Each structure stands twice: as C-alpha cells, then as structure tokens.
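# I would like to see how this sequence folds:
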Amino acid sequence: MQAQIKSVFLLKSEAKTQPKKHIKTHMKTESFTHLINAITGRAFSLEKRLNWRETEKPSSEVLCETIYFVSIFLPITGRACGFDWKTPKTDEKMLRSFITAFTSKFREPDPETYSHYENRWESMSKEEREYAYNHHAGHMLSKGKLLAQVQARFACPQIENALNLWGFYPTEYGIGIFCFWQTEFVNKAIENMRKHLFEKGIQAGEEFSDARWVYRFRIETNKEIHTSILNEFALQKSFSN
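Here you go, the predicted structure:
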C-alpha cells in the first residue's frame, strides 16, 4: 500500500516538472501581427517571452497560453516599449484577449495631459516625446481612450480590407472571422467570404460563437481544405487592392 501511495505521489511530481505543452492555434503569427497593427494603428511586433528579460522569435503560429512581449520600436532613443500578453486557451478568444491586454497595459503618452504644463506636448522635441513614455501613469492614454481608438478603427472603411487579408483564420469546423464590433465594414468582410464560398460552390452553415466574438462559416471538411480555401480568398483580395 505504501508503495502504491509513493508511486502516485511520484507520478504527480513528474507531471508537475514536465514542460507545459503549448497548444497551437490555427492563426499565423504574421497575419495576426498585421491584424493587431490594423486595429490599433501601431507597428507592433511579437516576441515569445522566455523569462523576465529574454525573448525569442515566435513560431509561425500563435500559441495558446503563452506569454508574448508586444512592443513598438522608438527609433530615436532605440528603445522597445511594450507589454506582456498571455494568450488565452482558445483561438476564438485571441483578439478579445489582445484588446484587453492592450488597453490595460500599453503605456503611451497622452498629449492632452501636458496642456497645463510649461513644457507642452507641442513644444517637445521628438526625442523628448519618446522619453515621455517613461513619465508618470497620469500622463498615459487611459484604458477608455485606447479602447475608443480600437473601436473607431473597426468603424473605418480600411478595416474591411484588413479583415479580408488577416481577420479570417482556418479551423477544424471551417473558417472564422473576428467580429468584436459588428460594424458595416466587418459585415462587408463577412459578405465577401460568403460570396467567395458561393462562387466556389462550397456550402457552409453560418453562426456566431457563443459570445459573438467570432463569426463562423461551418464547412465541415478538414483543416487542410479550409486553409486552402482561405489562402485562395486572401490571394484574390490582395490582387484586387
């Protein structure tokens, strides 16, 4: 009996020491990076976080439950300014999770907060503006302002093209598209995919995810075929621009 108890504790101990296997999503890192840049208006890059000071180049697909360092490069001071983002357990929550991290953690100076100071934003040099990223939190853009920026970009005509190229992703059930805000131009991107599938003679059921963060085209074949359909759609849209 004692041997059995010892064996159970040994197995649990070994399980805890095993490196955690990160689940791959069906989203390409390059495409997702283009997408988050389109919805934030920033030139972010993604690096996989190794420890508190080291990062490495990410894999080709975004990994679930993985910490990424999301950063922009400040050209004059040569600094990287960003935040850590832990990806969710499922791909359908990926964009919502990123937006939450971006609005909660990203620090960028808010020019309006300098209006009562002698050294106003307008009079600062480009170098001084970059050093302002280190200023007190009271000088940073608020969560509400950052969220309003993202929401405004979903209401711009340019988001339709961004979603056509980078907003769709292949899944086991078919193809999904992020529709965090279902604006006119998000609906146009959805209609573009619907038209593409119709022209190819591909039948697909349609539905929202439970939380309505993703719109699904249920083709129900396999991931390879879904990826091929999506690649053809993206290629067609890239040539039409």
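# count the neighbours of the residue nearest to M140 when sequence neighbours are not counted for me.
Once flanking residues are discounted, M140 sits nearest to R107: 4.8 Å by Cβ to Cβ, 6 or more residues apart in numbering. For every residue, glycine as well, the C-beta is placed using N, CA and C. Using other Cβ atoms under 10 Å, R107 has 15 neighbouring residues.
# likewise for Y68?
24.
# same question, Y131
By other Cβ under 10 Å, the burial measure for Y131, its neighbour count, is 15.
# can you give the distance from the helix or strand containing it to the centre of its chain?
In the assignment (DSSP states H and E), Y131 maps to helix 126-131. When C-alpha coordinates are averaged (Cα atoms, centre = their mean, to the nearest Å), helix 126-131 and its chain have centres 27 Å apart.
# just checking, next helix/strand downstream of it?
Next along from helix 126-131, by DSSP H and E: helix 143-154.
# what's next to the helix or strand following that following helix, contact-wise?
Following helix 143-154 in sequence order, the next helix or strand is helix 158-162 (DSSP H and E). For helix 158-162, contacts defined as Cβ atoms under 8 Å, 6 or more residues apart in numbering pick out 34-35, 38-39, 153, 183, 185-186, 188-189, 192, 237, 241.
# how about 10 Å then?
34-35, 37-39, 152-154, 156, 167, 181, 183-192, 237-238, 240-241 (Cβ atoms under 10 Å, 6 or more residues apart in numbering).
# now Y215, what's its secondary structure?
strand (DSSP: H, G, I helix; E, B strand; the rest coil).
# quick one: residues contacting it.
By Cβ under 10 Å, 6+ apart, Y215 lies in contact with 167-168, 175-179, 182, 186-187, 189-190, 193-194, 206-209.
# could you rerun that using 8 Å?
Here Y215 is in contact with 176-177, 179, 190, 206-209 (Cβ under 8 Å, 6+ apart).
# who wins for neighbours among the residues you listed?
Scoring those on neighbours with other Cβ under 10 Å, the highest-scoring entry is G176 at 24 neighbours.
# can you give me the strands in this protein?
24-28, 45-49, 55-56, 61-63, 67-74, 79-86, 168-170, 174-178, 205-208, 214-218 (DSSP state E).
# what's the most buried one of the ones you listed?
strand 168-170 (a mean of 25; mean count of other Cβ atoms under 10 Å).
# just the buried ones from the contacts of helix 158-162, in ChimeraX syntax?
Applying 16 or more other Cβ atoms under 10 Å to those leaves a buried subset, and the ChimeraX line that selects it is:
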select :35,37,38,39,153,154,167,183,185,186,189,190,192,237
